[in-house]
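K.L.:
build me a model:
(one chain, ligands or ions: 2)
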Amino acid sequence: MRTQQPPAIVVRGLEKSYQDLQVLCGVDLDVEKGSIFALLGSNGAGKTTAVKILSTLLRADAGTASVGGFDVATQPDNVREAISLTGQFAAVDEILSGRENLVLVARLRHLKGTGAIADDLLERFSLTDAGARRVSTYSGGMRRRLDIAMSLIGNPPVIFLDEPTTGLDPEARIEVWKATKELAGRGTTVLLTTQYLEEAEQLADRIAILHQGKIIVNDTLAELRQLLPPAEVEYVEKQPSLEEIFFAVVGETGEDDKYSAAEQPNAKRKTKSNKG
Ligand SMILES: Nc1ncnc2c1ncn2[C@@H]1O[C@H](COP(=O)(O)OP(=O)(O)O)[C@@H](O)[C@H]1O
Ligand SMILES: [Mg+2]
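P.N.:
Numbers count the residues shown, from 1 in each chain. Ligands and ions are numbered 1, 2, ... in the order given. Here you go, the predicted structure:
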């Protein structure tokens, strides 16, 4: 990994409760610049809460966090300039075309050459042909890609993708994965939240598991795999999947339909490839 620089995101002892529900109970993590970091957790684990604190939308009860070298509590304006946030529900305007959406955001950010910025992003996200069409005609994957493209306007060094593929069909998920890899390939730091173990496996340089308010695992995929011995001695190539590791660490059995439903296209297990 490209390191030796201060991490893009530093989180220490982060706590957050909603009334008497404690969601984050002391979260620590570092995200290296230019890396993809996956924050993995089940529904309700507190992923969005963490992302909201890091993107200054929510205040922590305790602990500290800095993003791009700025403290989220005391320098929120600087943090906002350094980040973009893409949520689970694409924030695109259905009535406008893809290109118009991009131009609109570029204008809102007071950038010059908004048309060229839009065209460049359409090309990067393989939306050039669809650029003039109303977003209401786009597929889920196209919408999400446009949403990510919009969040890149102004070149924020840090991007938060909060469950970017939840609700997408398998093909669309692969499109979004490609877009995400492309981002990190250009040096953008990506903090991604996901419920999909496969997604973390495919994309992330590091994977942290958020469970019961704490980070219970924070490792590279290779390190995670070493937490469990190979499942079957006779098959030398069989490695424990992240799913097996997850349930071993969390200590529960998997009964998760939504995961297996979304898993289809990449049935082949691939050891993590370096992206770029
Ligand atoms: N504004 C809120 N008020 C009360 N409870 C909330 C609020 N936002 C989230 N929660 C609860 O906090 C927990 C964590 O939510 P969230 O951070 O959205 O989890 P995740 O993104 O991992 O699914 C859930 O139990 C959720 O119901
Ligand atoms: Mg969430």
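K.L.:
where does the prediction get shaky in the stretch 1-150 of the chain?
P.N.:
In the predicted model of the stretch 1-150 of the chain, residues 1-4, 87-90 satisfy pLDDT under 70.
K.L.:
got the residue ranges for the strands in it?
P.N.:
Counting by DSSP state E, counting those that start in this stretch, the stretch 1-150 of the chain has strands at residues 9-18, 21-31, 36-40, 62-67, 70-71, 83-86.
K.L.:
can you list the strands that the third one pairs with?
P.N.:
Using DSSP bridges, the neighbouring strands of strand 36-40 in the sheet come out as strand 189-194 (parallel), strand 206-211 (parallel).
K.L.:
could you export the ones you listed as JSON lines, including mean neighbour count and distance to residue 225?
P.N.:
(C-beta placed from N, C-alpha, C; glycine too.) JSON lines is the format used below for the strands paired with strand 36-40 (neighbours: other C-beta atoms under 10 Å; distance: least, C-beta to C-beta, whole Å):
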{"stretch": "strand 189-194", "mean neighbour count": "26", "distance to residue 225": "18"}
{"stretch": "strand 206-211", "mean neighbour count": "24", "distance to residue 225": "11"}
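K.L.:
looking at the strands of the stretch 1-150 of the chain, which is buried most?
P.N.:
strand 36-40 (a mean of 26; mean count of other C-beta atoms under 10 Å).
K.L.:
now do that one: distance to the chain's middle.
P.N.:
Remark: strand 36-40 is offset 6 Å from the chain centroid, using C-alpha atoms, centre = their mean, to the nearest Å.
K.L.:
which residues are contacting it?
P.N.:
When contacts are defined by C-beta atoms under 8 Å, 6 or more residues apart in numbering, strand 36-40 is touched by residues 9, 29, 31, 47, 50-51, 180-181, 184, 189-195, 197, 199-200, 203-210, 246, 275.
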